[in-house]
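**Q** A structural model of the following input is requested.
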Amino acid sequence: MKINLRQRFFGIAGALAFLASASFFVSPAVSANPTVVELFTSQGCSSCPPADEILGKLKLRDDVIALTFPVDYWDYLGWKDTLASPAFSKRQRDYARARGDRQVYTPQMVINGRIHVVGNQKSAVERGIKTVARDEKITLSMKADGDAIRVSATIDSAAKSTSSGKATLWLVLFKGAETVKIGRGENSGNTIIYSNVVRQMAPIGMWEGKPMTINLPKSQLIAQGYDGCVVLLQRDDNREIIAAAMMDNLK
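**A** Numbers count the residues shown, from 1 in each chain. Down below sits the predicted model:
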């Protein structure tokens, strides 16, 4: 399934309902702020299966949001990645452009949008997670409220001096696990399990350095077959993810 970031999630009626439910307030409930690990991987990459396995273990941790972004630029090697999207390849290139190092490869893990490590090197991944641990001055939380998923952002007084600059609130929709039998290419004959595979993502709001909340239509997300969702608060300039939250079971 190819993904277009310009596609709407819910259609006209859903979009109107979404916009009507948006408001700003101080939320009394705040969740912990986990570290986001994004794995850029490919079914045609022989070095990727160990990284896919590492990500599968990371997704079990409470302090990490682990997401898989399958890329398409190795398709010419003999096997077309069945989960890949050019949008994910672009996301990886955007990270490299923001860092200024032009390093785009698989398996690559990008941590909180700030640093990258080789995804099949467990020790490097662990060091990277420790390096970018947040102080939780800005926090996102997600909570089911009837047919709505309430996304709330809070900010403490100490963070006001760092809240300048543009940031976008992204909604990321994923499948918890995808099992793929590789028929050709470097991984021919292997069956690989991919964890928290992103299927769709789009911007849903702009961060203005203030507490905010947005209600999302839970039933419409379930109807589209997604297992869970993540919200990312990401700076537009350097691509740093400054807050994140996950709901890994929509049902």
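
**Q** what about the strands in the stretch 101-250 of the chain?
**A** Secondary structure of the stretch 101-250 of the chain by DSSP state E, counting those that start in this stretch: the strands cover 108-111, 115-118, 138-145, 148-155, 167-181, 191-207, 212-217, 228-235, 241-247.

**Q** closest to Lys90 out of the ones you listed?
**A** Proximity to Lys90 (Cβ to Cβ) singles out strand 191-207 among the strands of the stretch 101-250 of the chain, at 11.6 Å. Every C-beta, even on glycine, is put in place using the N, C-alpha and C of the backbone.

**Q** buried sites along that closest one?
**A** 192, 194-202, 204-205, 207 (16 or more other Cβ atoms under 10 Å).

**Q** likewise stretch 38-56?
**A** For stretch 38-56, by 16+ other Cβ under 10 Å, it's 38-45, 47-49, 51-52, 54-56.

**Q** Show me how far that stretch is from its chain's centre.
**A** Relative to its chain's centre, stretch 38-56 lies at 16 Å (Cα atoms, centre = their mean, to the nearest Å).

**Q** Please apply the same query to stretch 101-108.
**A** Worked out by Cα atoms, centre = their mean, stretch 101-108 lies 17 Å from the chain centre.

**Q** For it, the averaged confidence score.
**A** The average pLDDT within stretch 101-108 is 96.

**Q** same check, this time on stretch 114-127
**A** Mean predicted confidence for stretch 114-127 is 97.

**Q** what does that stretch rub up against?
**A** Applying Cβ atoms under 8 Å, 6 or more residues apart in numbering, the external contacts of stretch 114-127 come out as 37, 39-41, 47-48, 50-51, 54-55, 58, 95-96, 99, 103, 105-111, 128, 131-132, 238-241.

**Q** Swap in 6 Å and give it another go.
**A** Residues outside stretch 114-127 that contact it (Cβ atoms under 6 Å, 6 or more residues apart in numbering): Leu39, Ser47, Pro50, Ala51, Ile54, Pro107, Gln108, Met109, Val110, Gly128, Val132, Glu240.

**Q** what about that stretch, start to end distance?
**A** 13 Å (Cα to Cα, to the nearest Å).

**Q** buried set for that stretch?
**A** Residues Arg114, His116, Val117, Val118, Gly119, Asn120, Gln121, Lys122, Val125 are the ones in stretch 114-127 that count as buried (16+ other Cβ under 10 Å).
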